[in-house]
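[1] Give me the fold of what follows.
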Amino acid sequence: MGHRLAELVDNESIATAGTRTVDLDMNEPISRITVQLRLVNNGSTPTAHPATAVSKIEVCDGSDLLFSMSGKECSALNYYDKGFLPFSLCAYEDNIYSTVEFHLDFGRFLWDPILALDPKKFTNLQIKVTHNKATGASSPDAGYISVVAHIFDDANISPIGFLMSKQVYSYALSASGQERIVLPTDYDFRKILFGSLSAGNSPTSQLASVKLSVDNDKRVLVNNIGCSDLVKMLAIAKAEEAIIGMGSGSAINFFIAPTYEVYCNVSPMNTPLAVTVDLAQAQGGRVSLLSDASEAFQLRVSGYAPHGHIALPQGDQLNPDDWLNVSKFGNIALTITAGSSVGASSTAEVILQQKRTY
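    Below is the predicted model of the structure:
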């Protein structure tokens with residue numbers, strides 16, 4: 001079986017905010033598309049997590065969306081699919097590159113012969129990446145994007161379909177409010193993600209409980225279980241991330257992917273260990289760190305619920321026959337109850353990963 005990496009966009013400048021569109025006009029099935037973003041910081045005061053600079057990634061066939069979510073949502077899905085985050089170096093120091101990757105996986109794993117995106121099944125297949133370099137890392141004044149397709153080259157495979165992953169619902173979160181979301185029932189569910197990211201707030205403070213039911217509560221698959229319990233019971237390996245920053249002599253917020261039960265290990269760089277460091281408890285995708293002015297440091301963070309998202313896997317994730325068969329039900333509803341004290345202007349999102357057959 002042959003494999004090939006096709007570079008569709010080669011380290012292209014993204015000086016101006018916009019959408020980069022690339023035709024996926026190859027004939028061979030695609031197992032994964034990797035989008036890499038490199039941002040050059042213009043200062044040492046963090047703006048936001050570098051993944052924020054990608055507001056949307058889409059794969060479409062005309063108006064038919066096959067993949068659609070933000071950079072942060074894609075990172076969260078990658079974590080729940082793989083058990084770890086793709087490459088993520090959050091450098092917040094002036095004139096240093098901050099680099100993140102996003103994996104658009106169309107199979108259960110890389111080089112899955114059963115599930116892959118087959119361009120021959122579509123007429124106008126494209127990937128679109130919407131970006132704004134200034135919104136991530138530390139006020140970048142330059143940025144670069146690369147797009148690589150992982151292609152089955154001369155492989156004798158006949159995929160039965162692919163994993164279709166996209167945000168299906170988003171709404172404004174209100175304290176203690178309850179939202180009933182009727183999910184699409186066109187293709188079997190492999191995974192449901194839901195979450196709400198608010199700086200300084202744990203996702204379990206944003207979201208109190210969740211219920212998953214079918215046919216107007218005829219069957220209840222998840223019965224109003226607290227999100228603080230779900231994030232523990234369904235936890236996989238800790239999400240880990242590397243941070244590089246520069247102290248200013250006062251407390252600075254640094255943006256990170258893990259949002260729940262986050263632990264940090266900080267080390268000064270090129271300076272004695274006597275440098276003053278005061279590290280506050282990390283919550284909601286940020287950690288406050290006070291370090292001596294003009295002293296560089298490296299920070300290793302680990303935790304759960306990247307970018308505020310929690311996953312509800314549906315069955316054995318490697319066995320497509322065990323995923324939630326939606327054809328048996330008239331409707332499927334996800335009911336989310338918000339926490340009693342949510343962050344201002346908060347939103348909540350729901351993401352579906354489905355088995356779409358050809």
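
[2] can we go C-alpha only for contacts and neighbour counts from here?
    Noted.

[3] thinking residue 149 is in contact with residue 29, fair?
    No: using CA atoms under 8 Å, residue 149 is not in contact with residue 29, being 9.8 Å away.

[4] Who has more neighbours out of those two?
    Between residue 149 and residue 29, residue 29 has the larger neighbour count (other CA atoms under 10 Å), namely 27 against 22.

[5] Could you measure from the more buried one over to residue 123?
    Here the criterion is CA to CA, to the nearest Å. By it, residue 29 lies 14 Å from residue 123.

[6] And residue 35, by the same measure?
    In this structure, residue 35 and residue 123 are 23 Å apart, going by CA to CA.

[7] sec struct for residue 333, please.
    strand (DSSP: H, G, I helix; E, B strand; the rest coil).

[8] what's the burial count for it?
    19.

[9] do the same with residue 10
    12.

[10] hang on, it packs against residue 37?
    No: Residue 10 lies out of contact with residue 37 (CA under 8 Å); the separation is 11.1 Å.

[11] Which neighbours do these two have in common?
    145, 146 (CA atoms under 8 Å, 6 or more residues apart in numbering).

[12] From residue 240, how far off is residue 33?
    On the measure of CA to CA, residue 33 and residue 240 end up 22 Å apart.

[13] again with residue 92
    Distance from residue 92 to residue 240, by CA to CA: 17 Å.

[14] try residue 124
    Residue 124 is 37 Å from residue 240, by CA to CA.

[15] who's more crowded, the two?
    residue 240 (22 against 15).

[16] Okay, and the beta partners of the spatially closest residue to the more buried one that is not a sequence neighbour?
    Leaving aside its chain neighbours, residue 240 sits nearest to residue 302 (4.3 Å; criterion: CA to CA, 6 or more residues apart in numbering). Per DSSP bridges, the residues bridged to residue 302 are residue 240, residue 263.

[17] contacting residues around residue 302?
    Counting by CA under 8 Å, 6+ apart, residue 302 makes contact with 238, 239, 240, 241, 258, 262, 263, 264.

[18] Roughly how far does it sit from residue 45?
    Taking CA to CA, one finds residue 302 at 22 Å from residue 45.

[19] residues of the longest helix anywhere in the chain that come out buried?
    Using DSSP state H, we find that the single longest helix of the chain is helix 71-82. Residues of helix 71-82 classed as buried: 71, 72, 73, 74, 75, 76, 77, 78, 79, 80, 81 (neighbour count, 16 or more other CA atoms under 10 Å).

[20] Likewise for stretch 348-358?
    In stretch 348-358, counting by 16+ other CA under 10 Å, buried: 348, 349, 350, 351, 352, 353, 354, 355, 356.

[21] so residue 219 makes contact with residue 329?
    No: contact between residue 219 and residue 329 fails when scored by CA under 8 Å: they sit 9.9 Å apart.

[22] now residue 176, what's its secondary structure?
    coil.

[23] What's the separation between it and residue 291?
    38 Å.

[24] that older thread, comparing residue 35 and residue 123, which residue is more hemmed in?
    residue 35 (21 against 10).

[25] what about residue 72, distance to residue 241?
    On the measure of CA to CA, residue 72 and residue 241 end up 14 Å apart.

[26] residue nearest the centroid of this protein?
    Against the mean C-alpha coordinate of the chain, by CA atoms, centre = their mean, the closest residue is residue 75 at 2.4 Å.

[27] circling back: just among the contacts of residue 302, which is most surrounded?
    Counting by other CA under 10 Å, top hit in the contacts of residue 302: residue 258 with 29 neighbours.

[28] Confirm that that one sits in a helix.
    No: assigned with three-state DSSP, residue 258 falls outside any helix and is coil.

[29] And the closest residue to it other than its chain neighbours, how far from residue 214?
    Closest residue to residue 258 apart from its sequence neighbours, by CA to CA, 6+ apart: residue 306 at 4.2 Å. Between residue 306 and residue 214 the distance is 28 Å, computed by CA to CA.

[30] So between these two, which is more surrounded?
    Ranked by neighbour count (other CA under 10 Å), residue 306 and residue 214 place residue 306 first, with 31 against 19.

[31] measure that one to residue 93 for me?
    23 Å.

[32] do residue 219 as well
    In terms of CA to CA, residue 219 sits 52 Å off from residue 93.

[33] cool, residue 284 as well?
    Taking CA to CA, one finds residue 284 at 22 Å from residue 93.

[34] try residue 69
    28 Å.

[35] between the two, which one's more packed in?
    The neighbour count for residue 69 versus residue 93, taken as other CA under 10 Å, is higher for residue 93 (24 against 20).
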